[in-house]
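Engineer: no FASTA, just this:
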């Protein structure tokens, strides 16, 4: 089974045999991969019950829950890595979840669609909300409510004393290093406490 | 993959008699006892594919199949257990057992106390979930089962599965705790006590020795069941099924049955009072009230589960207000805090607490998915 490119980046950052919490784990693809290849333990959290069934079928330790309700069920510093993959922009309280991420985990891995991607900018210039591979929704049915670009996210981290340890910006499964905020459609960050 | 779901077919019950004394939590020693049970499927050579089904308040050992071709009512979990069903009897050796204190063949208040030659009645000791687990472990010994592939239960049955994993960690590979709670709330206990008071104050109860009087406290049992039934359904489910439907279409301005829901509850109550033993109802509700696996650990559920080795599946139903999803979350949170393997699903269902007996999607898909993995694990 081949992993989505951004998930591959995430997987590379995960320490073998560590404890991982994957928030919004979907059908458990990443966790199943990490359990097999990196011998990690931990849990996925997922709101959609059909995805929960898929996680169970894949042997992923999944806990059905709503991230908007917070991570109060998890103890301080109980995980080595906490992953928030393409979920930050869909949350009501994006700042709170970022803080919570680093309360329960030593390190956070956050990915989100980069609103600053040139195709998005172009569509806005043409008078329409952007629809693309990384944001495949119309304005009226999108779960995404808090758009940000690389600079916005980095400013929020700075505000909360969160250190950015690594950043990978991608487009069509390729890494983008030149003009990332313009040419990258997806951002992948590794963050920790200062 | 699994084949088309079928019934396990015709089944019959067995009796296991235990002559060695059983020390109960209440301090009484039961000199001997018997357990009524049924099995389906075949125990494999390694004896690693056994699944124990623990029953809820008014349940028993007859979990699947029928007793005769003419038998209209299959076992109470027939939609879950059978060839091709989530608990697949082509893969697993499934055991249904009637708990101690029950009224379906296991030693209980309505059976004859060999010491007196009369029904136990009020002399039957109070039994707890711990006692049941201990007595079931002896049944497992008898069947040559060192370790269950899974122990499964809903409601009070889920409590037994949880207690099993705490008391005998090395004997439970997987524990499925469905629509359950780590202990009762004050409201839960209050409902139980109203049910008990209905029975205890029935003039036909005779302090629990109604057998000797040729009587049955039918009114009390009926009320207890009616009350219980309300708490097992959801308001929405009841509304969808009965609403304010009237039997005759008009108000009668009296106290006879007018609304369909009244008729339904009275029918359920009557049916139950004809088939269930009042003393057993009292015992089972007390077992619910007393259940608190964290008690020996100063109330710390995390400590209570810290020694478990099972892989847990915890399932709740969103319309269940008797044991709401937040009660299941208490179990999940404790297991997570203890770093245990646990999976949790909250199923959308209109059926309230009774949802664990229904064939809802994706509930059965989830059970299928989990038990497929158990099956693979057993055959690894």
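Structural biologist: On my side now, so go ahead. Model, not experiment: these values are computed from the prediction.
Engineer: give me the three-state assignment for residue 131.
Structural biologist: Looking at chain A here, since you left the chain open. What DSSP: H, G, I helix; E, B strand; the rest coil gives for residue A:131 is coil.
Engineer: that one contacts residue A:123, doesn't it?
Structural biologist: Yes. Proximity of residue A:131 to residue A:123 meets the contact threshold set by CB atoms under 8 Å, at 7.1 Å. Using the backbone N, CA and C atoms, a C-beta is placed for each residue, glycine as well.
Engineer: please list all residues in contact with the closest residue to residue B:160 other than its chain neighbours.
Structural biologist: In this structure, residue B:160 finds its nearest non-sequential neighbour in residue B:54, 3.8 Å apart by CB to CB, 6 or more residues apart in numbering or on different chains. Going by CB atoms under 8 Å, 6 or more residues apart in numbering or on different chains, residue B:54 touches B:97, B:99, B:132, B:136, B:151-153, B:156-158, B:160-161, B:164.
Engineer: check the gap between residue B:54 and residue B:124 for me.
Structural biologist: Distance, residue B:54 to residue B:124, using CB to CB, to the nearest Å: 20 Å.
Engineer: bridged to the residue most central in space within chain A, which residues?
Structural biologist: In chain A, the residue lying closest to the centroid (CA atoms, centre = their mean) is residue A:85, at 1.9 Å. Going by DSSP bridges, residue A:85 is paired in beta bridges with residue A:111.
Engineer: wait, it touches residue A:28, no?
Structural biologist: No. With contact defined as CB under 8 Å, residue A:85 does not reach residue A:28; the gap is 11.9 Å.
Engineer: which other residues reach stretch B:121-131?
Structural biologist: Outside stretch B:121-131, the residues that touch it by CB under 8 Å, 6+ apart are B:22, B:24-26, B:28, B:30, B:99-101, B:108-109, B:113, B:116, B:156, B:159-160, B:163, B:167, B:207-212, B:279, B:283, B:286-287, B:290-291.
Engineer: tell me the one among the contacts of residue B:54 nearest to chain A.
Structural biologist: residue B:152 (14.7 Å; CB to the nearest CB).
Engineer: and that closest one, that one's in a helix?
Structural biologist: No. Using three-state DSSP, the assignment for residue B:152 is strand, not a helix.
Engineer: wasn't residue B:373 part of a strand?
Structural biologist: No. With three-state DSSP as the criterion, residue B:373 is helix rather than part of a strand.
Engineer: what number of residues lie near the closest residue to residue B:240 other than its chain neighbours?
Structural biologist: Among residues not flanking residue B:240 along the chain, residue B:350 sits closest, at 6.5 Å (CB to CB, 6+ apart). Residue B:350 has 19 neighbours, counted by other CB atoms under 10 Å in any protein chain shown.
Engineer: roughly how far does residue B:350 sit from chain A?
Structural biologist: Distance, residue B:350 to chain A, by CB to the nearest CB, to the nearest Å: 15 Å.
Engineer: swap in residue B:291?
Structural biologist: In terms of CB to the nearest CB, residue B:291 sits 23 Å off from chain A.
Engineer: can you pull out the strands in the chain?
Structural biologist: You didn't pick a chain, so chain A it is. A:19-23, A:41-46, A:62-64, A:79-85, A:105-113, A:162-171, A:174-175, A:186-193 (DSSP state E).
Engineer: ah, I was thinking of chain B
Structural biologist: Using DSSP E, strands in chain B cover B:14-18, B:22-23, B:29-30, B:33-40, B:50-54, B:93-97, B:112-113, B:118-119, B:150-154, B:174-178, B:311-317, B:342-347.
Engineer: now mean pLDDT too, for these, in TSV please.
Structural biologist: Below are the strands of chain B laid out as TSV (pLDDT from 0 to 100):
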stretch	mean pLDDT
strand B:14-18	98
strand B:22-23	98
strand B:29-30	96
strand B:33-40	98
strand B:50-54	98
strand B:93-97	98
strand B:112-113	94
strand B:118-119	96
strand B:150-154	98
strand B:174-178	98
strand B:311-317	98
strand B:342-347	98
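Engineer: contacting residues around residue 138?
Structural biologist: I'll assume chain A. Residues in contact with residue A:138 (CB under 8 Å, 6+ apart) are A:129, A:131.
Engineer: nope, chain B please
Structural biologist: B:18, B:20, B:22.
Engineer: and the residue in chain B that chain A sits nearest to, how many neighbours does it have?
Structural biologist: Residue nearest to chain A within chain B (CB to the nearest CB): residue B:369, separated by 3.9 Å. Neighbourhood size, residue B:369 [other CB under 10 Å]: 22.
Engineer: would you confirm that it contacts residue A:56?
Structural biologist: Yes. Judged on CB under 8 Å, residue B:369 makes contact with residue A:56 at a distance of 4.3 Å.
Engineer: sorry, back to before: who does the residue nearest to residue B:160 form a beta bridge with?
Structural biologist: Bridge pairing for residue B:54 (DSSP bridges) gives the partners residue B:153.
Engineer: no more questions from me, cheers.
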